[in-house]
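Next comes the sequence, and after it the predicted model I'd like to discuss.
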Amino acid sequence: MRTVAQQACLSGLLVVAFGGAMAQASPKDAKPGLSGSIGLGVASMPSYEGSPNRRTLAVPAFTLNYRTRHWGEVSVGPHGLVWQALELGDWRLGLVANPDAGRKTRKPSSSIDPTPWDPRLAGLGEVRSSTETGVIVGYGPVQLQARKSLGDRGHGGTQVDLGVEWPLELTATVSMSFGAGLTWADRDYLQAYFGVTPAQAAASGFRAYAPKAGVRKLDLSLNAEYVFAKGWKLQGSLVLTQLAGDAADSPLVERKSNPLLGVVVAYVF
């Protein structure tokens, strides 16, 4: 039976393909109440970060936003659970809870399970799914997000994302956005996903490796949206990711850079 975090990842894993690494705020003049979208997405991505193999997933893609009059906005979707609690001019402050799918060494039993996996990781053991919680601080197009894994279930580490996004409205029905960002990770996170303990080295054939904390990846993204009918939109994304630092030097990494592609058809309400 899948965990709640894994179920959330049916859309959450597509965050890289449908909107970038950062949760984006609604316009300040948005009316209080419920809004959102629901649809179906297809994404092509590496089997895991650094893998030479790719996988394609078809999963639900949804976002629900509830904007209050005095307490900001709460949203649930690809970015997890986000409460943007405070808006002062161009400044924003909020809380976030994100699912982390973990990683497997064998193909999941369900064809729609989005958990990264690859048979070349045999002998390394699994990284269990978990939930990351943290804070978001934004100013204009720039956003900083810091989050920590809860408990000992998953990687147990901390990540910090710094990103910027430039929106561009071309016509009444076509819009685009360009994004750039970097992600820093501590030693616990990097050890879970890029490290190899002596015991794992003996079981897998990879050399032992103990990465240190540092920037683990850089991202560039291009997102496009086309409203083709009343209430319906088509979204497409291209994300170029470059592993960096000790993550890129891991013996598990065969490809330091790999594109992620995604398409979504959604109904907006």
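Here it is on my side, so go on. Residues are numbered from 1 along each chain as shown.

Strands along the protein, start to end?
Ranges of strands in the chain, per DSSP state E, are 33-46, 54-67, 73-77, 80-88, 91-100, 130-139, 142-149, 158-169, 174-185, 214-229, 232-243, 257-268.

then the last one to CSV, C-alphas only?
What follows is strand 257-268, C-alpha atoms only, in CSV (Å, rounded to 0.1, in the frame of the first residue of the first chain):
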residue,chain,number,x,y,z
SER,A,257,23.1,16.9,-17.0
ASN,A,258,19.8,15.7,-18.3
PRO,A,259,16.7,17.4,-19.6
LEU,A,260,13.2,17.0,-18.1
LEU,A,261,10.2,17.3,-20.4
GLY,A,262,6.6,17.6,-19.5
VAL,A,263,3.1,18.3,-21.0
VAL,A,264,-0.1,18.9,-19.1
VAL,A,265,-3.7,19.4,-20.3
ALA,A,266,-5.8,20.9,-17.5
TYR,A,267,-9.2,22.3,-16.7
VAL,A,268,-9.0,25.6,-14.7
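
buried stuff in it?
Buried residues in strand 257-268, counted by 16 or more other CB atoms under 10 Å: N258, L260, L261, G262, V263, V264, A266. All C-beta atoms are positioned from the backbone trio N, CA, C, and that covers glycine.

re the thing from before, possible to save the strands of the chain as CSV with distance to L121?
Conversion of the strands of the chain to CSV gives the following (distance: least, CB to CB, whole Å):
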stretch, distance to L121
strand 33-46, 12
strand 54-67, 13
strand 73-77, 29
strand 80-88, 25
strand 91-100, 17
strand 130-139, 18
strand 142-149, 20
strand 158-169, 21
strand 174-185, 18
strand 214-229, 18
strand 232-243, 16
strand 257-268, 16
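
Could you dump the ones you listed into TSV and include mean pLDDT and distance to D249?
Shown next, in TSV, are these (pLDDT from 0 to 100; distance: least, CB to CB, whole Å):
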stretch	mean pLDDT	distance to D249
strand 33-46	93	17
strand 54-67	90	22
strand 73-77	92	34
strand 80-88	93	29
strand 91-100	94	22
strand 130-139	96	24
strand 142-149	96	23
strand 158-169	97	18
strand 174-185	97	14
strand 214-229	97	10
strand 232-243	97	9
strand 257-268	95	14
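
distance of the residue located most distally from the centre of the chain from R128?
For the chain, the largest distance from the centre (CA atoms, centre = their mean) belongs to A202, which lies 31.8 Å off. Distance from A202 to R128, counting by CB to CB, to the nearest Å: 22 Å.

same deal with F62?
Taking CB to CB, one finds F62 at 25 Å from R128.

got it, and G151?
10 Å.

Comparing the two, which residue is more hemmed in?
R128 (19 against 8; other CB atoms under 10 Å).

who's in contact with that one?
By CB atoms under 8 Å, 6 or more residues apart in numbering, the contact set of R128 is G102, R153, G154.
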